[in-house]
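Colleague: Okay, sequence plus prediction incoming.
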Amino acid sequence: MLGKIFGLFKSSNNTVSLKETLENLKLVGTLYKKTVGKKRELLSDECSLYMNIMNEKTFDYNLNAYNEEYQFQKGMINIKTNINLNSIDSWESLTYPVTNDLGLKCCSENGRYALIWEYQRQFYIFYLLTDEMNTKNKDNFINTLVTLIASYESEVDYQKALTFEENKDYILNLDVIENVDQFLEENYSKFYGLGEEPTEEHKKINIDDITKKFDNMALKQLDFLNSFPNAVNLFTGKGTLYKYDRLKDDLIAVSSDSKLGIYKVQSFNYYLVVDDASNKTLSCSAMSQEINLLTNRKENLIMWLSRESMNPDVEPTAYNFVFYDEDKIDTLRKIYAKTQYESSSLSKYEDLNAEDQKWLENENMPDEEILDEDIKEVEMEMSNEFQESTSDQLNKVTAQAYLHDRTFVVRENNTIGVYKTDEEDVLTHLANLPAVTKYEDKDIDITNAQMFYSDTNMILLDKKNPNTAFRYDLGKGKIVEEWSAEGMKKIEAVTHEKKFDQMTDNPLLHGVNSNTLFTMDARVNKKNKVVATKSYKTNPKMHCIKTTDFGGIATGSLNGEIRLYSQVGKNAKTLLTCFGDAINDIDVTADGKYLLATCDKYLILIPTNCKGEKNGFNTQMGKEKPNPRTLKIKPIDLNKYGLDKFSFTPAKFNVNKIDGETNIIASLGDYIIIWNFTKVKKGILDDYKIRKVNQKVIENQFKFNRNQVVVTMENKLRIQNQLFLDK
């Protein structure tokens, strides 16, 4: 109920004028727009929401969004600073008439409050910032807004509407949602096309109907085709369905005469359905990354994870389907690329250019040049021997020194633990550095740590000062300098100018925020260290950044895009549109030949070399870009180990300046997974080693030039040895 979340409805004898009431009410937050068929667009990182009177006699009121960023950056231009004009958002204010047609929704999502409304077939999402003014005004603001709706709809003035009995209905019936993205997806049935009315066919199909039919229902009792007669078939193949039995740890044949189909139920909503010979549904799964679909061309089968119920507490089931016809996998691959992209990005696949579509459709297809490479074959094992070090405080961030065998672990209370390994690979706690909780008058809560300046310093990011970095001197055990990125709302991530520069005194760091790539220089004798920028007028939602040993720059975005640059200040040489899922982290080999992107449910390995000496950092890859590879955990393993509920920690290449990268590591829950990079380059993608540890893994850090990984768990550190055996 809304009252439980916002504590809204309170009877009032308030006689304060409406004008005075509205003048004292304002909320500050982040504003997004969602257009059907397009990705969610950030309109402003800092936006004010307020109400005003158009005509009190006719009960006309407006809800207004005022773009603080526009005015801030416009002011910066006016005083002749060097702010890039392209970085200015193009709007100053937006206005929405206050009526019941707004379809006002309230959201309480993991402690984060939001208001959602609809206007001219678009959704607007306003996330409230956590500050004193919002806390003070939130309840009164929403109560007043609802009262204005009641005033307009009932044609009574504000004072009467305050005590108007039906006003309670407006408040108590005001929708409260718990998941913004789910709400947006489930309401697309109202908005087919761009400004077009829903067709009769679309009106018959509604996500809510699907949910009701699937929820807590054994799907074998559901006849999918009769339940959804307007679903459009995109693919059909006959074969044998197998189901994984966890008790027997084996695949059991379900039906040797079954039919697998891919169906479009409505825009961006597809289902994988398996029926038996009598058209009884044996398995039904929404096409999304949650099902972890894998294809195996050699064995002519596909694998996926399916839930027998929409109830998330019900364990999923792993299925295999072996096709009778050998050409079905290649046909399915193209259909799957479309459904995968659209279900993740909520955008039309056909809006991608032809070469990007072909690139996605060639996922995991072999590249002849790579298959013919003479690469030494090795087999990797994970040692059972390890040493652990335990702390009373929860761990949250790890940084690994390269010049010296030191591991620095930032704990929940912002103390920094220092560890080393001895000659017998025993992990030893050396010291605790003082807690980093303040610098001058600023409170600090560390979220990221990078070694810097020959491993004698660390660069710290924290969530309480989002547009600032702090330089921490390890010798002094304290912060010695604050670096600001003026004109930017947040520093998402920083990295070294070149991959191994933490071993040198190079003073340059690269960083990103959502729409700007920039360089910071420690030598600048002022707080603002930014010396070069590349800004975008639109918001590409850049989130992570890494560099090669020759200075190539790779950034990953929350909208699933990867950009490659030769230097800061210039346009990206290559833009890679991936599968629509957020790129949570990115890594790159020292020679820049491979990128490794981490998404929630899979990793993407992307070769960057083109013909000749060209690569994606110094030239547009275009039609020459090699095929991407996705690394996933097999559905049977997800089922067996209960890993479907977890997302990948940032995946990394090992750090070896002499022999190059030989393996890839990531974690899911309390399991660490390592792939042999040599095999992955040759197209062997499902041959990984998986090992359980005794706590949920926070992150993994490779030691420099050693086959060891420091595994950071919630309140433990673990050394994991890897053995490489020539075959």
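Modeller: All right, it came through fine.
Colleague: Pull the number of nearby residues for Cys618.
Modeller: Just so we're on the same page, residue 618 is Asn rather than Cys. 17 (other Cβ atoms under 10 Å). Glycine gets a C-beta too; all of them are placed from N, C-alpha and C.
Colleague: what's the helix or strand for the residue lying closest to Asn67 once chain neighbours are set aside?
Modeller: Closest residue to Asn67 apart from its sequence neighbours, by Cβ to Cβ, 6 or more residues apart in numbering: Ser44 at 4.7 Å. Per DSSP states H and E, Ser44 falls inside strand 41-55.
Colleague: same deal with Leu25?
Modeller: Going by DSSP H and E, Leu25 is not in any helix or strand.
Colleague: Quick check: which element contains the residue lying closest to it once chain neighbours are set aside?
Modeller: Counting by Cβ to Cβ, 6+ apart, Leu25 lies nearest to Phe141, which is 5.0 Å off, once chain neighbours are set aside. Element membership for Phe141, per DSSP H and E: helix 132-154.
Colleague: for that helix, packing partners?
Modeller: Judged by 3 or more Cβ pairs under 8 Å, 6 or more residues apart in numbering; DSSP states H and E, helix 132-154 is in contact with helix 2-6, strand 27-35, strand 41-55, strand 60-67, helix 158-163, helix 167-172.
Colleague: mind checking which of the ones you listed is nearest Gly560?
Modeller: Of all those, strand 41-55 sits nearest to Gly560, with 14.4 Å by Cβ to Cβ.
Colleague: if we can go back for a sec, so the residue nearest to Leu25 sits against Val28, correct?
Modeller: No. Using Cβ atoms under 8 Å, Phe141 makes no contact with Val28, being 10.9 Å away.
Colleague: More neighbours: which of these two?
Modeller: Phe141 (23 against 17).
Colleague: May I have the phi/psi pair for Thr437?
Modeller: Main-chain torsions, Thr437, degrees, to the nearest 10: phi -110, psi -20.
Colleague: re the thing from before, which positions within the strand holding Ser44 qualify as buried?
Modeller: Buried residues in strand 41-55, counting neighbours by 16 or more other Cβ atoms under 10 Å, are found at Leu42, Leu43, Ser44, Asp45, Glu46, Cys47, Ser48, Leu49, Tyr50, Met51, Ile53.
Colleague: what bridges to the first one?
Modeller: Read it as Leu42. Under DSSP bridges, the beta-bridge partners of Leu42 are Tyr32.
Colleague: Wait, it touches Asn539, no?
Modeller: Yes. Look at Leu42 against Asn539 with Cβ under 8 Å: they come within range, at 4.4 Å.
Colleague: what sits in contact with each of the two?
Modeller: Counting by Cβ atoms under 8 Å, 6 or more residues apart in numbering, the shared contacts of Leu42 and Asn539 are Ser514.
Colleague: what about the stretch 51-200 of the chain, any weak spots by pLDDT?
Modeller: 69-90, 109-111, 121, 164-176, 178, 181-182, 185-200 (pLDDT under 70).
Colleague: The same query, at a cut-off of 80, please.
Modeller: Along the stretch 51-200 of the chain, the parts satisfying pLDDT under 80 run over 68-91, 101, 108-112, 119-122, 130-132, 153-154, 160-200.
Colleague: where along the stretch 401-550 of the chain do the helices fall?
Modeller: With helices called from DSSP state H, counting those that start in this stretch, the stretch 401-550 of the chain shows none.
Colleague: So which residue is dead centre in the chain?
Modeller: Centroid-nearest residue in the chain: Ala582, 3.5 Å away (criterion: Cα atoms, centre = their mean).
Colleague: The nearest residue to that residue once chain neighbours are set aside and Lys26, how far apart?
Modeller: Leaving aside its sequence neighbours, Ala582 sits nearest to Leu558 (Cβ to Cβ, 6+ apart; 4.3 Å). Distance of Leu558 to Lys26, given as Cβ to Cβ, to the nearest Å: 28 Å.
Colleague: which residues does Lys625 contact?
Modeller: Per Cβ under 8 Å, 6+ apart, neighbours of Lys625: Trp359, Thr574, Leu576, Ile606, Pro607, Thr608, Cys610, Gly616.
Colleague: what's the pLDDT at the residue nearest to Ala582?
Modeller: For Leu558, the pLDDT comes out at 91.
Colleague: What is the burial count for it?
Modeller: 20.
Colleague: didn't it look like it was pressed against Ile583?
Modeller: Yes. The pair Leu558 / Ile583 is scored as a contact, 7.0 Å apart, by Cβ under 8 Å.
Colleague: so what sits against both of the two?
Modeller: Common neighbours of Leu558 and Ile583 (Cβ under 8 Å, 6+ apart) are His543.
Colleague: how long is stretch 123-142 from one end to the other?
Modeller: With Cα to Cα, to the nearest Å as the measure, the first residue of stretch 123-142 is 18 Å from its last.
Colleague: got the buried residues for it?
Modeller: Buried, per 16+ other Cβ under 10 Å, within stretch 123-142: Phe123, Tyr124, Ile125, Phe126, Tyr127, Leu128, Asn134, Asn137, Lys138, Asn140, Phe141, Ile142.
Colleague: next one: stretch 613-628
Modeller: Result for stretch 613-628 [16+ other Cβ under 10 Å]: buried residues Asn615, Gly616, Phe617, Asn618, Thr619, Met621, Lys625, Pro626, Asn627, Pro628.
Colleague: Pick out whichever of the buried residues of strand 41-55 sits closest to Tyr402.
Modeller: Of those, the one sitting nearest to Tyr402 (Cβ to Cβ) turns out to be Asp45, at 35.1 Å.
Colleague: quick one: the nearest residue to the closest one once chain neighbours are set aside from Ala354, how far?
Modeller: In this structure, Asp45 finds its nearest non-sequential neighbour in Lys489, 4.4 Å apart by Cβ to Cβ, 6+ apart. Distance of Lys489 to Ala354, computed by Cβ to Cβ: 36 Å.
Colleague: okay, the two: which has more neighbours?
Modeller: Lys489 (18 against 9).
Colleague: Now for the more buried one: which residues touch it?
Modeller: Taking Cβ under 8 Å, 6+ apart, we find Lys489 in contact with Asp45, Glu46, Glu69, Pro466, Asn467, Asn513, Ser514.
Colleague: Outline the domain layout of the protein.
Modeller: 2-190, 200-351, 369-726 (automatic domain parsing).
Colleague: JSON lines please, covering those domains and showing distance to Glu363.
Modeller: Formatted as JSON lines, the domains of the chain follow (distance: least, Cβ to Cβ, whole Å):
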{"stretch": "domain 2-190", "distance to Glu363": "20"}
{"stretch": "domain 200-351", "distance to Glu363": "7"}
{"stretch": "domain 369-726", "distance to Glu363": "6"}
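Colleague: What distance do you get for Tyr152 to Thr99?
Modeller: Distance, Tyr152 to Thr99, by Cβ to Cβ: 6 Å.
Colleague: same deal with Asp462?
Modeller: Distance of Asp462 to Thr99, given as Cβ to Cβ: 43 Å.
Colleague: out of the two, which sits in the more crowded spot?
Modeller: Asp462 (22 against 16).
Colleague: what is that one paired to in the beta sheet?
Modeller: Bridge pairing for Asp462 (DSSP bridges) gives the partners Ile446.
Colleague: now Thr240
Modeller: Beta-bridge partners of Thr240, as defined by DSSP bridges: Val322.
Colleague: Could you tell me how many residues sit around it?
Modeller: Applying other Cβ under 10 Å, we find 16 residues neighbouring Thr240.
Colleague: Make residue 1 into 43 and carry on from there
Modeller: In the new numbering, first residue 43, that becomes Thr282.
Colleague: quick one: contacts for it?
Modeller: Thr282 neighbours (Cβ under 8 Å, 6+ apart): Ala295, Ser297, Ser298, Ser300, Phe363, Val364.
Colleague: which non-adjacent residue is nearest His475?
Modeller: His isn't right for residue 475; it's Leu. Ile458 (4.1 Å).
Colleague: ok so, going back, pretty sure the residue nearest to the centre of the chain sits against Ala639.
Modeller: No. Contact criterion Cβ under 8 Å: Ala624 and Ala639 do not qualify, at 9.8 Å.
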